[in-house]
Structure formats: C-alpha cells, structure tokens
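Peer 1: A predicted structure for the sequence below; I have some questions about it.
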Amino acid sequence: MKRTIYIILAMFLGFLLSLLLHVAVETIYLQLAEGPVQWHSFFGLGLCALPIWLSSLFAVAGILFGYWLGVVWWRIVYIEYRHWRTKHLKQ
C-alpha cells in the first residue's frame, strides 16, 4: 500500500512538472510567434496556443516520467537504503 501511494504521488509530481514545462514552452512560442495565434480549447476548459496533441503529449509524458521516478526512488530509498539518513551508518 505504501509503495502504491508513493508511486501515485510521484506520478502527480511528474504531471505538475509537465504543466510547468507546458507553460514554459507556450510562453516561448507566444513570444516568438509572428502574426495571429490560433487558440485551441480542450473540452471547453480554457484556451491554449499549442496544439491539443502537444498538450496531451506533455501530460502523458509527465505521468510516465512520474511513474518511472517513483519506481526508481522506491528502489533507491526502500530497497537499497541509499539516502541521507543512512550515510552516517555506513562509516
């Protein structure tokens, strides 16, 4: 149960990081755009200058990155015990 919650929270972190990346890419795109920008609406939930497929790609990539990160961190922290609290115990 603890591992599942750990991985789900890491996936949420990955999704939040993908939103930050989306904001950065969209800001750069809007600054470099010459002329009118075509705005897209995703299920009526606001407007985005990037294509819907790219917005979806950011979200899916963030969730997959979060899953990978959760699995790797779980292995490092709980299986291999490689974290800052156990460094002084090995000396």
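Peer 2: Thanks, I have the structure now.

Peer 1: switch to C-alpha atoms for all contacts and neighbour counts from now on
Peer 2: Will do.

Peer 1: Flag the shaky bits of this protein, pLDDT-wise.
Peer 2: Low-confidence segments of the chain, defined by pLDDT under 70: 83-91.

Peer 1: wait, doesn't residue 11 sit right on residue 61?
Peer 2: No: Residue 11 is beyond contact range of residue 61, at 10.1 Å (criterion: C-alpha atoms under 8 Å).

Peer 1: who has more neighbours, those two?
Peer 2: When neighbours are counted by other C-alpha atoms under 10 Å, residue 11 comes out ahead of the other of residue 11 and residue 61, with 21 against 15.

Peer 1: what's the neighbour count on residue 15?
Peer 2: Count around residue 15 with other C-alpha under 10 Å applied: 22.

Peer 1: Kindly report the same for residue 76.
Peer 2: The local packing of residue 76 (other C-alpha under 10 Å) involves 13 other residues.

Peer 1: What does it show for phi and psi?
Peer 2: Residue 76 adopts backbone torsions of phi -70, psi -50, taken as degrees, to the nearest 10.

Peer 1: ok, it to residue 70 distance?
Peer 2: Distance of residue 76 to residue 70, computed by C-alpha to C-alpha, to the nearest Å: 10 Å.

Peer 1: What residues sit buried inside the longest helix anywhere in the chain?
Peer 2: Determined from DSSP state H, the single longest helix within the chain is helix 2-32. Residues 6-8, 10-19, 22, 26 are the ones in helix 2-32 that count as buried (16 or more other C-alpha atoms under 10 Å).

Peer 1: and it, how far out from the chain's middle?
Peer 2: With C-alpha atoms, centre = their mean, to the nearest Å as the basis, helix 2-32 stands 3 Å off its chain's centre.

Peer 1: cool, and stretch 31-49?
Peer 2: Per C-alpha atoms, centre = their mean, the centroid offset for stretch 31-49 relative to its chain is 21 Å.

Peer 1: end-to-end on that stretch?
Peer 2: With C-alpha to C-alpha as the measure, the ends of stretch 31-49 fall 11 Å from one another.

Peer 1: One more: stretch 68-80?
Peer 2: 17 Å.

Peer 1: From residue 39, how far out is the nearest residue to residue 58 once chain neighbours are set aside?
Peer 2: Leaving aside its sequence neighbours, residue 58 sits nearest to residue 18 (C-alpha to C-alpha, 6 or more residues apart in numbering; 5.6 Å). Per C-alpha to C-alpha, residue 18 is found 20 Å from residue 39.
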